[in-house]
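Visitor: Sharing a model that was predicted from the sequence below.
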Amino acid sequence: MALSQRQTTDLELWQDWKRTKNPATLEKLLNQLQPLIQSEVNKWGQAVPPAALAAKARLLAVDALDNYNPNMGATIGTHVTSRLRKLSRSVYPYMNVARIPENQQLYYHTYNVAKMTLNDQLGRDPSTDEMADHLGWSPKRVTTFQRAFDRRELVESEGATYDLAEDEGIVDFYHFGLSPLDKPLFEDIIGYRGKPSMTNAQLIKKYSITQGQLSYKKRKFIDDLHRIQKGGH
């Protein structure tokens, strides 16, 4: 697969840094990757002080660069983004996991740890079969759990949630009134009517939008649903 100009520049800087270990080269490469780093920090900024997360993210990015292997097939940006998902471990103690039924909390944690581990190993989101093999679950159970989790927490990373399972009538009403442009995006985010939900990376690629634009849309959907639930218009 041909690399873009940005990806080629990243690779050249990384090769130079690995060869010389020059701090100035590393700093230049980190500056190149700053939009990716900041995007991950922004996801969790409402749960933990952003300055602390930024420092942790920078350390994770350096560690990712140090362990990057171009022969694995992932670009530097993809590899660093995957490693930055470890930020969620810093946020986990602050999350309101009580909203998840007690008998599901262990599975929630187990699933997340497995997904982060495979992300680290593969440099990308794991497939259903890869998750099933790692967890010792059936592929059907992985799919069912993922769908239930996605519907319960429409968007964990935007600092707000909406329990879709308890208000499907409101969700259907809201879905009906969406614009032709927003309707398919909403469906792909929540897995509407049994439709498979999509990851952020898949949504960004499919709709040619930025992470910031996707976060804005997700938050708007949640705010609208809450307003309707409370009787607003």
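Guide: Cool, got the structure. A quick note: this is a predicted structure, and the numbers were derived from the prediction, not measured. Residues are numbered from 1 along each chain as shown.

Visitor: Nearest residue to Gln32 in space, ignoring adjacent ones along the chain?
Guide: Nearest non-adjacent residue to Gln32, counting by Cβ to Cβ, 6 or more residues apart in numbering: Asp10, 5.8 Å away. Using the backbone N, CA and C atoms, a C-beta is placed for each residue, glycine as well.

Visitor: quick one: that neighbour and Leu33, what's the gap?
Guide: According to Cβ to Cβ, to the nearest Å, Asp10 and Leu33 sit 7 Å apart.

Visitor: For these two, list the residues in contact with both.
Guide: Common contacts of Asp10 and Leu33, defined by Cβ atoms under 8 Å, 6 or more residues apart in numbering, comprise Ile76, Gly77.

Visitor: So what's the residue count around Leu36?
Guide: By other Cβ atoms under 10 Å, 18 other residues sit near Leu36.

Visitor: hmm, I was thinking of Thr78
Guide: Burial of Thr78 is recorded as 17 neighbouring residues (other Cβ under 10 Å).

Visitor: these two touch, right, it and Arg124?
Guide: Yes. With contact defined as Cβ atoms under 8 Å, Thr78 reaches Arg124; the gap is 6.4 Å.

Visitor: which residue is nearest the centroid of this structure?
Guide: In the chain, the centroid-proximal residue (Cα atoms, centre = their mean) is Asn200; its distance is 5.6 Å.

Visitor: Was I right to think that residue contacts Gly212?
Guide: No. Using Cβ under 8 Å, Asn200 is not in contact with Gly212, being 11.3 Å away.

Visitor: Kindly state the pLDDT recorded for Gln15?
Guide: We have a pLDDT of 93 for Gln15.

Visitor: my bad, should have said Phe186
Guide: Predicted confidence (pLDDT) for Phe186: 88.

Visitor: Then Leu33?
Guide: Looking at Leu33, its pLDDT is 90.

Visitor: hang on, it packs against Ala61?
Guide: Yes. Contact status for Leu33 versus Ala61: in contact at 6.1 Å, counting by Cβ under 8 Å.

Visitor: so what sits against both of the two?
Guide: Val80.

Visitor: Look up which helix or strand the residue nearest to Gln32 falls in, please.
Guide: Per DSSP states H and E: Asp10 is located in helix 5-20.

Visitor: In CSV, list the C-alpha atoms belonging to that helix.
Guide: Taking C-alpha atoms only, helix 5-20 is exported to CSV below (Å, rounded to 0.1, in the frame of the first residue of the first chain):
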residue,chain,number,x,y,z
GLN,A,5,3.3,12.3,1.9
ARG,A,6,2.6,12.7,5.6
GLN,A,7,3.1,9.0,6.3
THR,A,8,6.4,9.0,4.4
THR,A,9,7.6,12.0,6.4
ASP,A,10,6.7,10.3,9.6
LEU,A,11,8.6,7.2,8.6
GLU,A,12,11.7,9.1,7.5
LEU,A,13,11.8,11.0,10.8
TRP,A,14,11.3,7.8,12.7
GLN,A,15,14.1,6.0,10.8
ASP,A,16,16.4,9.0,11.5
TRP,A,17,15.5,9.0,15.2
LYS,A,18,16.0,5.2,15.6
ARG,A,19,19.4,5.6,13.9
THR,A,20,20.7,8.6,15.8
